[in-house]
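# Need coordinates for the following:
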Amino acid sequence: MFRSLFVVTLWSILSFAGGKPAVVSEVKQVGPSIADLAEALSPTVVYIENISRGSGQNKSRTPFHDFFIDPNAPRVGSGSGVLVTANGDIITNHHVVEGADEIQVTLTDGRVFEAEIVGSDPEIDLAVIRIAADNTTYASLGTSEFVRVGDWVMAIGNPLGYRYTVTAGIVSALGRGSGLNVIENYIQTDAAINRGNSGGPLINMKGEVIGINTAIIASGQNIGFAVPIDLIRPSFQQIVETGSVARGALGVNLQELSPELKDYYGTNQGALVSAVPDGPAQRAGIKKGDLIVKFNDKNVESVSQLIASVAVNRPGEQVKVTVLRDGKQHDYEFRLGDRKRIFASLAGDSPEGGDVETVDMVKLEPLGLELRRVDDSGNENYQAGDYVITDVEANSPAREKGVTPGWVLERINEYDVRAANLNAIKKEIAEKDVVRLQLRGERGTRLVGVRLRN
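Purely as a prediction, here's the structure:
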């Protein structure tokens with residue numbers, strides 16, 4: 001009885017105790033709303049499907065794989081792109097459309113078109129495709145010259161199949177490199193970017209495209225990279241005009257400054273000339289050991305920034321280069337050479353041992369590496385023409401940096417590891433104290449800096 005009385009009394013207290021609902025005033029948005037921006041720019045972004053047919057790319061991963069999946073069935077990859085003209089021109093990444101037998105483009109209104117490739121520029125991972133569509137909305141190209149760290153930006157794309165996804169963030173850094181492309185001067189952003197965002201636009205608060213999203217750091221969070229629009233625009237214009245890209249070059253080999261060399265030259269900035277083969281720079285008077293501190297009267301901060309600055313110029317354009325030599329600045333004016341021809345001449349000689357097209361085993365003594373060329377692989381991790389590391393010497397520079405057999409050696413500095421480049425690669429290794437290796441394994445790409453033992 002007493003327990004019942006206690007329960008009733010407690011329930012009465014709870015039932016008739018005073019109280020009131022929480023009242024919350026609307027919280028004002030701290031950051032800018034990008035709803036209007038997203039609504040206006042989303043129709044400019046397209047969903048791209050890369051369809052490859054009957055070429056046997058689908059490699060068997062188990063003995064039963066072929067029983068369930070036809071290895072010659074069409075393979076479909078996807079990415080993003082952005083409409084930039086009323087003529088249906090779309091900017092995207094080269095790797096989004098590479099190897100396609102058919103390209104399908106879907107607009108936000110649901111219309112689907114077959115696209116043609118107008119041209120591409122693999123060195124900056126750019127491709128231009130075109131659709132025959134009426135009543136489209138296209139984006140305006142801005143400039144990346146005045147982009148600042150901390151600027152608000154928006155990314156639109158199709159990450160992991162979630163079409164027309166909008167994310168926002170800030171510019172995290174400028175002048176970044178990842179080693180994925182030959183020419184890099186990336187805008188880094190923390191706006192969420194994932195697989196499928198490739199080729200989509202990075203947009204400023206004016207609604208202008210300031211970059212094309214191209215890469216992420218898979219092991220990190222919100223570390224994405226976009227190719228600056230000022231690097232893309234000259235190539236885009238050439239592709240629309242001619243279908244291809246011709247790019248100027250100084251005709252020098254470059255390397256970054258080590259801490260000791262920064263003390264020697266008395267500066268933290270610049271690009272060091274490590275070699276001057278026959279070409280425009282040599283004929284103008286630039287020498288090995290010169291530190292390039294200005295290009296066209298703009299300060300040179302790093303090797304990648306200088307390469308990108310040169311890359312927007314066409315062959316034959318007059319340029320001004322300022323170098324630091326023996327504590328004094330020297331100015332040189334000359335016309336740029338053709339990048340493709342200069343690199344072809346550097347790689348054109350056959351190495352000792354015969355025709356470069358038949359070099360199957362390669363030893364790179366300064367690195368302590370032995371490589372084997374893959375001609376026809378049944379392993380999905382290798383491709384024909386790849387050079388796979390088969391041996392790493394004990395106590396070698398590469399071994400000290402954790403390099404092990406089984407990795408594909410994709411690039412050394414600016415040179416793709418291919419048979420036709422072996423002579424140039426050996427010259428590069430012989431002339432450098434430190435080289436950058438780009439390696440590919442089952443878990444992705446890895447970059448390693450190695451000090452040589454020449």
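# Could I get the full set of strands for the stretch 201-350 of the chain?
With DSSP state E, counting those that start in this stretch applied, the stretch 201-350 of the chain shows strands at 201-203, 208-216, 224-228, 248-249, 253-255, 271-275, 291-295, 298-299, 318-325, 328-335, 337-338, listed in chain order.
# Pull up the pairing partners for the second one, direction included.
Right, strand 208-216. Paired strands of strand 208-216, with direction, are strand 140-141 (parallel), strand 201-203 (antiparallel), strand 224-228 (antiparallel) (DSSP bridges).
# Of the ones you listed, which is nearest A127?
Minimum separation from A127 across the strands paired with strand 208-216 (CB to CB) falls at strand 224-228, 11.5 Å. Heads up, the C-betas are built off the backbone N, CA and C, glycines and all.
# Could you list the domains of this protein?
35-130, 142-234, 248-343, 348-451 (automatic domain parsing).
# With respect to burial, which of the ones you listed scores highest?
Mean neighbour count, computed with mean count of other CB atoms under 10 Å, is highest for domain 142-234 among the domains of the chain, reaching a mean of 20.
# Distance from that one to the middle of the chain?
10 Å (CA atoms, centre = their mean, to the nearest Å).
# Kindly report the same for stretch 33-49.
On the basis of CA atoms, centre = their mean, stretch 33-49 sits 23 Å off its chain's mean C-alpha point.
# so how far does it reach from one end to the other?
Its start and end residues considered, stretch 33-49 measures 31 Å (CA to CA, to the nearest Å).
# Stretch 328-343 now?
End-to-end distance (CA to CA), stretch 328-343: 30 Å.
# Just the mean pLDDT for that stretch, thanks.
Average pLDDT, stretch 328-343: 89.
# contact partners of that stretch?
Contact partners of stretch 328-343, identified using CB atoms under 8 Å, 6 or more residues apart in numbering, comprise 246-251, 277, 279-281, 283-286, 290, 293, 310-311, 313-323, 424.
# follow-up on the earlier one: could you dump the strands of the stretch 201-350 of the chain to a markdown table with distance to S120?
A markdown table is the format used below for the strands of the stretch 201-350 of the chain (distance: least, CB to CB, whole Å):
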| stretch | distance to S120 |
| --- | --- |
| strand 201-203 | 18 |
| strand 208-216 | 13 |
| strand 224-228 | 13 |
| strand 248-249 | 19 |
| strand 253-255 | 25 |
| strand 271-275 | 27 |
| strand 291-295 | 26 |
| strand 298-299 | 28 |
| strand 318-325 | 26 |
| strand 328-335 | 26 |
| strand 337-338 | 18 |
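# right, so of those, which gets closest to G79?
strand 208-216 (9.6 Å).
# Can you tell me how far G248 is from E123?
Here G248 is placed at a distance of 12 Å from E123 (CB to CB, to the nearest Å).
# Between those two, which contacts overlap?
What both G248 and E123 touch, as defined by CB under 8 Å, 6+ apart, is the set A311.
# And the helices in the chain?
Here the chain has its helices, by DSSP state H, at 2-16, 35-41, 65-68, 94-97, 229-242, 259-265, 280-284, 303-311, 339-347, 397-400, 422-431.
# Those helices: lowest mean pLDDT?
helix 65-68 (a mean of 39).
# List the single closest residue to I203 in space, sequence neighbours excluded.
M154 (4.6 Å; CB to CB, 6 or more residues apart in numbering).
# A191 is in contact with that neighbour, correct?
Yes. The pair M154 and A191 qualifies as a contact (CB atoms under 8 Å) at a distance of 6.7 Å.
# what stretches of this protein score poorly on pLDDT?
Confidence mapping of the chain against pLDDT under 70 gives the ranges 1-18, 27-32, 54-74, 178-181, 345-359, 376-380, 443, 453-454.
# quick one on the thing from earlier: list residues touching both of M154 and A191?
Jointly contacting M154 and A191 under the rule CB under 8 Å, 6+ apart are T167, A168, L202.
# Give the bridge partners for the first one, please.
In this structure, T167 has the following beta-bridge partners (DSSP bridges): A155.
# and if you look at the last one?
In this entry, L202 is beta-bridged to A155, G211, by DSSP bridges.
# From T167, how far out is it?
On the measure of CB to CB, L202 and T167 end up 10 Å apart.
# Spell out which residues are contacts of both of those two.
Joint contacts of L202 and T167 (CB under 8 Å, 6+ apart) are M154, A155, A191.
# What's the separation between the residue nearest to the last one when sequence neighbours are not counted and G19?
Using CB to CB, 6+ apart and skipping the chain neighbours, the partner closest in space to A191 is G169 (3.4 Å). Distance, G169 to G19, using CB to CB: 42 Å.
# In contact with A168, which residues?
The contact partners of A168, by CB under 8 Å, 6+ apart, come to G31, I34, W152, V153, M154, A155, A191.
# Let's see that with 6 Å instead.
For A168, the contact set (CB atoms under 6 Å, 6 or more residues apart in numbering) comprises I34, M154, A191.
# Then L306?
Taking CB under 6 Å, 6+ apart, one finds A271, F295, V300 in contact with L306.
# Could you do G81 as well?
By CB under 6 Å, 6+ apart, the neighbours of G81 are V46, I48, I90, T92, G199.
# What separation do you get for the fourth one and I232?
In this case it means T92. For T92, the distance to I232 - CB to CB - is 11 Å.
# What is the nearest of the contacts of G81 to G224?
The closest of these, once distances to G224 are taken by CB to CB, is G199, at 12.8 Å.
# ok, the closest one touching G79?
Yes. If you go by CB atoms under 6 Å, G199 and G79 touch, sitting 4.6 Å apart.
# Which residues are in contact with each of these two?
Any residue near both G199 and G79 by CB under 6 Å, 6+ apart counts here, and that gives V96.
# which residues does S52 bridge with?
R75.
# what sits against the residue nearest to S144 when sequence neighbours are not counted?
Excluding its sequence neighbours, the residue lying closest to S144 (CB to CB, 6+ apart) is P228, at 3.7 Å. Listed by CB under 6 Å, 6+ apart, the contact set of P228 reads S144, I187, G211.
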